[in-house]
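> sequence and predicted structure below; questions after.
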Amino acid sequence: MAALVATLLALPLVGAQTYDIGGGALGIRTHFDWVAMAAAAVFAGRLALHLQQRLRRGREMVDETVFARLAVWGNRRALPLTLTGIAFAVALPFLPFSSRYLIDLGTTVLIYIMLGWGLNVVVGLAGLLDLGYVAFYAVGAYTFALLARHLGLTFWQALPFSGVVAASFGVILGFPVLRLRGDYLAIVTLGFGEIIRIILLNWSPVTGGPNGISDIPRPSFFGLPFAHSAPEGVTTFHQFFGLEFSATQRVTYIYFVILALALVTNLFTLRLRKLPIGRAWEALREDEVACRALGINPTNVKLSAFGIGAMLGGIAGCFFATRQGFISPESFTFIESATILAIVVLGGMGSQMGVVLAALLLVTLPEFGRAFAEFRMLIFGAAMVAIMVWRPRGLLAHREPSLRLVPKSTRVLWP
Amino acid sequence: MAESQGLLLAVEHLTMRFGGLTAVQDLSFNAYSRDITAIIGPNGAGKTTVFNCLTGFYKPSIGRLTMHVDGEALLLERMDGFRIARQAGIARTFQNIRLFAGMTVLENLIVAQHNLLMSASVLSIAGLLGLPRYRSAERAAVERARHWLDKVGLIEHADWTAGTLPYGAQRRLEIARALCTGPALLCLDEPAAGLNPRESAELNELLLAVRAEQEIGILLIEHDMSVVMGISDHIIVLDYGRKIADGTPVEVRADPDVIKAYLGEDELEEPPEVTAADLNIR
């Protein structure tokens, strides 16, 4: 039945393709094989769904999904899992199957993980829906690019500045939106993200407009640049260590830089969560009125969340600039904000591991999808919908208390 | 300054208008330390509005609210809500429980001690570095939380998520959370609403124990007459935003106006009231 509907629908949509036959006229090429494939796919899908429902009824397991069990298991084995993850991430460039492409991909994943952890402070902990997070990423990137161009600062010197400037932007955004929540807050932050991008686009004398800023210095290893041949009096990395020059060295180094930054971000946010400020963020997410009744100043709490989230975004932006060597407003469109937010939401709000998993999924899925060319965004979308249907609260939605009265090990397992 | 010993809160000529509606009109009363003062009245009498004025959620249209803390007189109508809690030492609970439902019981109580811990963590820097000063402050906070958890009988549930507790336990937790702020005046908005007789008897004991142990005044809005008559030292009766009686339980019970307006007519169980004021703060 469903297959029949699909055939009818697919006939005009897929079955016919217009093509240029010259002279401005259009011809129609039919693809009945595609229609048949679509119908077959729908039939198979329907059948599978039906069978699965039967199976489910039989076993009476309705809400026990794979991820639910994974979340519980992951929580019980949090430490070994984390250590394995870090060990794998450190070893990745030296594994036999790794390539420059893989390391590049790993770097991208790590940037998104870091951004996800930063946004997690704002969205996951403080519950402030921010759709313009990419603005802080852009501010961080441009801060470094401009500092490098005009003052000749290196990556490591500019890193704290990027963070501070982005944090001040976060606070600036925070002020007008103090009274807003939920949807309204989302709209204002969305607008803020666009304002930043449009300023970058139009303020040509400073930002270079659509041409962006190029020749951003690469990071150096304790002052040793990664270059084939250095200017007089400068030792390059490969000369210093007596290695053969290879472009992979720089890529690998950049990978380790972001790995370190991401790990520091993680430690920082995990630690903050266990401090009064972190608990105040969560309390604010739960109930702002109650917060006020307990003498917590909601203004300070919100601004600190915006500021710290923005700072982490800015640091990631600074890294992005040095990695690319070139930045333009193109890199900071709304779709970036949406992706980062999707990582946080998919991972499970407030879950650090969830962010890692979601970032891996969101960045690598389109890569695997390359084989399907134009359908890859479709597959990507379908995967997102599927996750939201099966795990509406995110992949690893589990909250670990920031402190316990009874230590975890001696405690009877909580139902 | 205070005319009698232990005067904590003086409300003078409090009037609160919402557009054309006058919720509270020309209300004056005092609350004393180590006293339990109850505000009663039929639904919509303006009881919760009084609380919201006291705790800074509303700015009163007219009137003066003076809180006497450590020999200092603080004018509440000029302070932000969070400052009232922080400096004037007024803690409150809500008619419809407002816990941090996603956090654990213990965390709820630690959040209540935010300001104390925040100053110990020195802009979070000492906390980030795990300096001993912050650690000992945190340990003290956990001890204080443990003390109150023990008092309200929730010590076994300390690591439960607050939202999963039964209703009565959530009420007690909210009171414990308010007490963790170390208040001078504890304002309870219908603490016995939805409790069974045994639970409200326990509540009475808890409140009496708190009063006996702490230098604290309790201000109470209540429908449950067994609570009000059983433990109050002092009762204020409101009807349509006006005070119609003020005195000890015995006096109030004998007052003909009160009997007419409230006790005589509907002493039966009533559903928790929802006033215009409640709708506004949500």
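Nice, thanks for sending it over.
> which pLDDT value goes with A:E232?
Looking at A:E232, its pLDDT stands at 63.
> cool, and the one 10 residues further on?
Confidence per residue is given as pLDDT, and for A:G242 that number is 70.
> A:G127 too?
Looking at A:G127 specifically, the model assigns a pLDDT of 87.
> roughly how far does the closest residue to it other than its chain neighbours sit from A:A338?
Nearest-residue entry for A:G127: A:R285, 2.9 Å, with adjacent residues in sequence omitted and distances by CB to CB, 6 or more residues apart in numbering or on different chains. To be clear about C-beta, it is placed using only N, CA and C from the backbone, and glycine gets the same treatment. Separation of A:R285 from A:A338 (CB to CB, to the nearest Å) stands at 21 Å.
> equivalent analysis for B:T164, please.
Relative to A:A338, B:T164 is positioned 34 Å away (criterion: CB to CB).
> can you pull out the helices in the stretch 101-250 of chain B?
Ranges of helices within the stretch 101-250 of chain B are B:105-111, B:114-120, B:125-129, B:132-152, B:167-180, B:197-213, B:225-231, B:249-254, based on DSSP state H, counting those that start in this stretch.
> could you dump the ones you listed into TSV with distance to chain A and mean pLDDT added?
Shown next, in TSV, are the helices of the stretch 101-250 of chain B (distance: least, CB to the nearest CB, whole Å; pLDDT from 0 to 100):
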stretch	distance to chain A	mean pLDDT
helix B:105-111	4	90
helix B:114-120	4	80
helix B:125-129	4	70
helix B:132-152	7	86
helix B:167-180	7	90
helix B:197-213	17	87
helix B:225-231	22	81
helix B:249-254	28	83
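> what about stretch A:356-363, average pLDDT?
For stretch A:356-363, the mean pLDDT works out to 86.
> what comes up buried for it?
Applying a neighbour-count criterion of 16 or more other CB atoms under 10 Å in any protein chain shown, one finds A:356-363 buried in stretch A:356-363.
> and the residue nearest to A:G127, what helix or strand is that in?
Element membership of A:R285, judged by DSSP states H and E, is helix A:276-286.
> one more: A:V289?
Under the assignment given by DSSP H and E, the secondary-structure element containing A:V289 is helix A:288-293.
> now what about that helix, what contacts it?
Residues from elsewhere that reach helix A:288-293 (CB atoms under 8 Å, 6 or more residues apart in numbering or on different chains): A:181, A:280, A:283-284, A:298, A:301, B:55-57, B:81-82, B:85, B:91-92, B:94, B:98-100, B:111, B:178, B:281-282.
> out of the helices of the stretch 101-250 of chain B, deepest packed?
Each of the helices of the stretch 101-250 of chain B was assessed for mean neighbour count using mean count of other CB atoms under 10 Å in any protein chain shown. The highest is helix B:105-111, with a mean of 27.
> can you show me the strands along the chain?
Here I'm looking at chain A. Counting by DSSP state E, residue ranges of the strands within chain A are A:16-20, A:26-30.
> please refer instead to chain B.
Taking DSSP E as the test, the strands found in chain B are B:7-18, B:21-32, B:36-40, B:62-69, B:72-75, B:90-92, B:185-189, B:217-221, B:234-239, B:242-247.
> let's have these in TSV, adding mean pLDDT.
Conversion of these to TSV gives the following (pLDDT from 0 to 100):
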stretch	mean pLDDT
strand B:7-18	87
strand B:21-32	87
strand B:36-40	89
strand B:62-69	86
strand B:72-75	82
strand B:90-92	89
strand B:185-189	90
strand B:217-221	90
strand B:234-239	88
strand B:242-247	86
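> residue contacts, the residue in the stretch 1-150 of chain A positioned nearest to chain B?
Nearest residue of the stretch 1-150 of chain A to chain B (CB to the nearest CB) works out as A:G127 at 9.7 Å. Shown in contact with A:G127 (CB under 8 Å, 6+ apart): A:281-282, A:284-286.
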